[in-house]
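[1] Just to be clear, the model below is a prediction. Sequence and coordinates:
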Amino acid sequence: MTGDMGADDGTATTPPIGYLNDAPVTDPADDRFRRQPFAHRIADTIADRPDPTSLVVGLYGKWGEGKTTVLNFIEDRLADNENVVCVRFNPWLYQSESQLLLSFFETLASAVERSLTSTSETVGKWLRTLGAALGTVSVGIGIVNASPGAAFQSLGESLSSVDVQEKRTTLEKLLKDAGKRILIMIDDIDRLDDGEIATVFKLVKLAADFDHTAYILAFDQEVVAKALAKRYSDTDSSGTSFIEKIVQVPLELPPADLGELQTMALQAMTAVLTLAGIELDDADVNRFSTGFRRHLGPYIGTPRMAKRVANAIEF
């Protein structure tokens, strides 16, 4: 090809093998949008926090903006920190509220057993019992279809019925004595249906706010607020208020640089043309680049959108 539509930043373009992968970034070398410094600040703040009480951080961003990439970088940052145990939980993998509850406490139990040496098996068994009890409540009482007040009351009653307070104290003491903090990162909340979204928030608020734990909830705030509003009220503001009752630290994902997004898309298109054996002369390249940046580029707002444009052209 005579011209290179990705030459703005001098980056060499390598033709892709097939369509561009939409997988989140795990290698810092691929961090084109500087997510790593942002993720490291979050990780360090949580790790260094002296207050033992549970903390809920909301990581807000649109689909495809890089929330999962940030979670990957947070987990990598804390991998060598002996005092923080990272747990990833994706509620989108489960088909019902009861499965979601069971799986959450199974995940938490496994993390406790990995991080604690003394009596961890007993605590892990209790956490699994708690998950089973709450799963039964969600099906038997219809908690996810109840009004907010009734739902919270039903869950609160079930927690008392399984003797949570005593076991909660035991777990918190074990974590304190071990100098451990468990960080639970919950991704893809905005992909759930309305009932499952409500279940996740009730779970974090009432069932899992143990001392020496922290949560990062990653989701599109607008999508989740609308889902909660549809269940509990008629206005999006009520959904936002619901979120604010749970999330103590709201963090907006920094927007990706528009110029870098456009460059990414142009480089991907160049690679597609190279792979297809299509050559453009300098005049064609300049004409396309000008039209792209003026008419299409401003609408490419996320890394996912840049890849989708290139994939559509390759198809």
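    The structure has been received and is ready for your questions.
[2] May I have the secondary structure class of residue 86?
    Recorded secondary structure, residue 86: strand (DSSP: H, G, I helix; E, B strand; the rest coil).
[3] Do I have it right that it meets residue 76?
    No. Using Cβ atoms under 8 Å, residue 86 makes no contact with residue 76, being 9.3 Å away. C-beta here means a position set from N, CA and C on the backbone, and glycine is covered the same way.
[4] out of the two, which sits in the more crowded spot?
    Between residue 86 and residue 76, residue 86 has the larger neighbour count (other Cβ atoms under 10 Å), namely 21 against 17.
[5] tell me which residues form a beta bridge with that one?
    Following DSSP bridges, residue 86 is listed with bridge partners residue 183.
[6] Also residue 58?
    Beta-bridge partners recorded for residue 58 (DSSP bridges): residue 217, residue 250.
[7] who are the neighbours in contact with it?
    By Cβ atoms under 8 Å, 6 or more residues apart in numbering, the contact set of residue 58 is 216-217, 219, 221, 243, 247, 249-251.
[8] how far away is it from residue 248?
    Residue 58 sits 8 Å away from residue 248, going by Cβ to Cβ, to the nearest Å.
[9] can you map out the strands along the stretch 101-250 of the chain?
    Counting by DSSP state E, counting those that start in this stretch, the stretch 101-250 of the chain has strands at residues 181-186, 213-219, 249-252.
[10] so where is the stretch 101-250 of the chain shaky, pLDDT-wise?
    Within the stretch 101-250 of the chain, the segments meeting pLDDT under 70 span 117-120, 135-164, 207-208, 233-236.
[11] Not counting its neighbours along the chain, what's nearest residue 262?
    Nearest residue to residue 262, sequence neighbours excluded (Cβ to Cβ, 6 or more residues apart in numbering): residue 297, at 4.1 Å.
[12] So that neighbour is in contact with residue 264, correct?
    No. Here residue 297 lies out of contact with residue 264, judged by Cβ under 8 Å, at a distance of 10.5 Å.
[13] Tell me which of those two has more neighbours.
    More crowded of residue 297 and residue 264, by other Cβ under 10 Å: residue 264, with 25 against 19.
[14] what's near enough to touch the more buried one?
    32, 303, 306.
[15] Which ones among the residues you listed map onto helices?
    303, 306 (DSSP state H).
[16] what is the mean pLDDT for stretch 283-299?
    For stretch 283-299, mean pLDDT rounds to 88.
[17] go on, stretch 257-276?
    Per-residue pLDDT over stretch 257-276 has a mean of 86.
[18] rewinding a little: need the buried ones from the contacts of residue 264 selected in ChimeraX.
    Restricted to buried positions by 16 or more other Cβ atoms under 10 Å, the ChimeraX selection for these reads:
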select :32,303,306
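[19] Just name the closest of the contacts of residue 264 to residue 96, please.
    Closest to residue 96 out of the contacts of residue 264 is residue 303 (32.2 Å), distances taken as Cβ to Cβ.
[20] you'd agree that closest one is up against residue 65?
    Yes. With contact defined as Cβ under 8 Å, residue 303 reaches residue 65; the gap is 7.4 Å.
[21] what's the overlap in contacts for those two?
    Taking Cβ under 8 Å, 6+ apart as the criterion, residue 303 and residue 65 both touch residue 256.
[22] Distance of residue 277 relative to residue 34?
    Residue 277 is 35 Å from residue 34, by Cβ to Cβ.
[23] neighbour count winner among those two?
    residue 34 (12 against 7).
[24] how about the helices of the stretch 101-250 of the chain, start to end?
    Using DSSP state H, counting those that start in this stretch, the helices of the stretch 101-250 of the chain run over residues 120-140, 148-161, 164-178, 194-202, 221-232, 236-246.
[25] Dump these to JSON lines, plus distance to residue 109.
    Converted to JSON lines, those look like this (distance: least, Cβ to Cβ, whole Å):
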{"stretch": "helix 120-140", "distance to residue 109": "4"}
{"stretch": "helix 148-161", "distance to residue 109": "16"}
{"stretch": "helix 164-178", "distance to residue 109": "10"}
{"stretch": "helix 194-202", "distance to residue 109": "18"}
{"stretch": "helix 221-232", "distance to residue 109": "27"}
{"stretch": "helix 236-246", "distance to residue 109": "22"}
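[26] circling back to that earlier point, next, format the strands of the stretch 101-250 of the chain as JSON lines and append mean neighbour count and distance to residue 202.
    Output for these, formatted as JSON lines (neighbours: other Cβ atoms under 10 Å; distance: least, Cβ to Cβ, whole Å):
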{"stretch": "strand 181-186", "mean neighbour count": "23", "distance to residue 202": "13"}
{"stretch": "strand 213-219", "mean neighbour count": "24", "distance to residue 202": "13"}
{"stretch": "strand 249-252", "mean neighbour count": "14", "distance to residue 202": "19"}
